[in-house]
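Asks: Everything below, folded, please.
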Amino acid sequence: MSNPGLLSRRLTLEAPVETADGAGGVTRSFEAVATLWAQVTEVSAARALEADRAGARISHRIVIRFADDITTRHRLRDGGRAFRIVALRNADGRRRFLQIEAEEIVP
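Replies: Numbers count the residues shown, from 1 in each chain. Purely as a prediction, here's the structure:
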């Protein structure tokens, strides 16, 4: 990607917050930490069966301006849609853009 004008979708970056549950485990929630401009492209869709629930798994390629503090523990949100980050890579080799492979689970 060499055209920052293609970053036309506004996404919210969320970081995990873990709170002790009192039984030796943790409860994970997410907290908004930044708002980013992105290009979102649907790559593929497949039926998914998780936790005895049918749905669809949609893979997306999301491109944002480069940031080295985003990890696979974060997620992205577009309104009511949540994208789980699967992989990250330096999209242009010059640390200008970050390409994110993400999955969206649709019930």
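
Asks: which residue sits closest to residue 19, ignoring its sequence neighbours?
Replies: Counting by Cβ to Cβ, 6 or more residues apart in numbering, residue 27 is the residue found nearest to residue 19 once chain neighbours are left out, at 5.1 Å. All C-beta spots, glycine's among them, are computed from the backbone N, C-alpha and C.

Asks: what's near enough to touch that neighbour?
Replies: 18, 19, 20, 21 (Cβ atoms under 8 Å, 6 or more residues apart in numbering).

Asks: Of those, just say which sits nearest to residue 5.
Replies: Checking the contacts of residue 27 against residue 5 by Cβ to Cβ gives residue 18 as the nearest, at 37.9 Å.

Asks: Secondary structure element holding the closest one?
Replies: Assigned by DSSP states H and E, residue 18 falls within strand 9-20.

Asks: What are the buried residues along that strand?
Replies: For strand 9-20, a neighbour-count test (16 or more other Cβ atoms under 10 Å) marks 11, 12, 13, 14 as buried.

Asks: partners of the longest strand anywhere in the chain in the sheet?
Replies: If you go by DSSP state E, the chain has its longest strand at strand 26-50. The strands beside strand 26-50 in its sheet (DSSP bridges) come out as strand 9-20 (antiparallel), strand 53-65 (antiparallel).

Asks: Name every strand pairing with the following helix or strand past the longest one and say which way it goes.
Replies: Next along the chain after strand 53-65, taking DSSP H and E as the criterion, comes strand 75-78. Here strand 75-78 has these sheet partners by DSSP bridges: strand 9-20 (antiparallel), strand 81-90 (antiparallel).

Asks: contact partners of strand 75-78?
Replies: Contacts with strand 75-78, where a contact means Cβ under 8 Å, 6+ apart, come from 9-14, 30, 32, 36, 38, 40, 62, 82-85, 100, 102.

Asks: 6 Å - rerun?
Replies: When contacts are defined by Cβ atoms under 6 Å, 6 or more residues apart in numbering, strand 75-78 is touched by residues 11, 12, 14, 82, 83, 84.
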